[in-house]
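Engineer: after the sequence you'll find the predicted model.
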Amino acid sequence: MTKSALRQHFLAQRRSLSAEDIEGRSVQISNQLFSLFLTNTTSGNLHIFLPIVRQNEVNTWHIVHRIWQDFPAIRIAVSVSNTITNQLSHYVLTPETSLIVNGWGVPEPRPEDGCAIAIDQLDIVLVPLLAFDLHGHRVGYGKGYYDRFLVQCRPDCQKIGLSLFNPIDLIADTEPTDIRLNACITPEQTYWFTRELSF
């Protein structure tokens, strides 16, 4: 299937999930992330997306709150979207951070109140997606914000997708410039696309 067809299909699949489904799957994803990637982590910079509730996205607040509680040396970063340049800028997220919801429903820090963090400081990026395939390619909403962001990350920055659904075999219209994931976590299991993971 093409990215466009997959986008429509998985948006419909997401809409069919209840709030209880989303919460249950989100907790399973969070538990896998901590058991596989963050159990022995003492420090570093982790970029996370905050969920668009109306789009039934993975509830990443489970991850955020556990890091704040159990891994205080891990610094969390989140993005702010610039709709003029179509670029993301990145800011530290703390329990004291004031958030506003942008036009797409994404909670974002106020740049004027935030502490900026450079892309080359990021060690792990948790990547939102609608669908992914067995080769580590992903389908997002189609605006390209994360594509432009991920290409700027360090080569050793780990890109880990979070998906409410299992993968499809193949996304038909990937491009050579598409940035592949290192791994993707679903409620049922983690799919690995490279074993060279470290934090």
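Structural biologist: Structure received.
Engineer: any idea what sits nearest residue 193, other than its immediate chain neighbours?
Structural biologist: Distances taken as C-beta to C-beta, 6 or more residues apart in numbering place residue 136 nearest to residue 193, at 3.4 Å, with adjacent residues excluded. Every residue, glycine included, has its C-beta placed from N, CA and C.
Engineer: same check on residue 115?
Structural biologist: residue 92 (4.4 Å).
Engineer: wasn't residue 24 part of a helix?
Structural biologist: Yes. Residue 24 forms part of a helix when assessed by DSSP: H, G, I helix; E, B strand; the rest coil.
Engineer: what's near enough to touch the closest residue to it other than its chain neighbours?
Structural biologist: Sequence neighbours aside, residue 187 is the residue nearest to residue 24 in space, at 7.5 Å (criterion: C-beta to C-beta, 6+ apart). Taking C-beta atoms under 8 Å, 6 or more residues apart in numbering, we find residue 187 in contact with 24-25, 28-29, 164.
Engineer: show me the beta-bridge partners of the most centrally placed residue in the chain.
Structural biologist: With distances taken as C-alpha atoms, centre = their mean, the residue of the chain nearest its centroid is residue 127 (2.5 Å). Beta-bridge partners of residue 127, counted by DSSP bridges, are residue 161.
Engineer: so what's it scoring on pLDDT?
Structural biologist: At residue 127, the pLDDT value in this model is 98.
Engineer: same thing with residue 195?
Structural biologist: Reported pLDDT for residue 195: 58.
Engineer: what of residue 108?
Structural biologist: 93.
Engineer: which residues of the protein fall in helices?
Structural biologist: 3-15, 19-33, 61-70, 145-150 (DSSP state H).
Engineer: kindly reformat those as JSON lines containing mean pLDDT and mean neighbour count.
Structural biologist: Output for these, formatted as JSON lines (pLDDT from 0 to 100; neighbours: other C-beta atoms under 10 Å):
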{"stretch": "helix 3-15", "mean pLDDT": "96", "mean neighbour count": "15"}
{"stretch": "helix 19-33", "mean pLDDT": "97", "mean neighbour count": "17"}
{"stretch": "helix 61-70", "mean pLDDT": "96", "mean neighbour count": "15"}
{"stretch": "helix 145-150", "mean pLDDT": "93", "mean neighbour count": "18"}
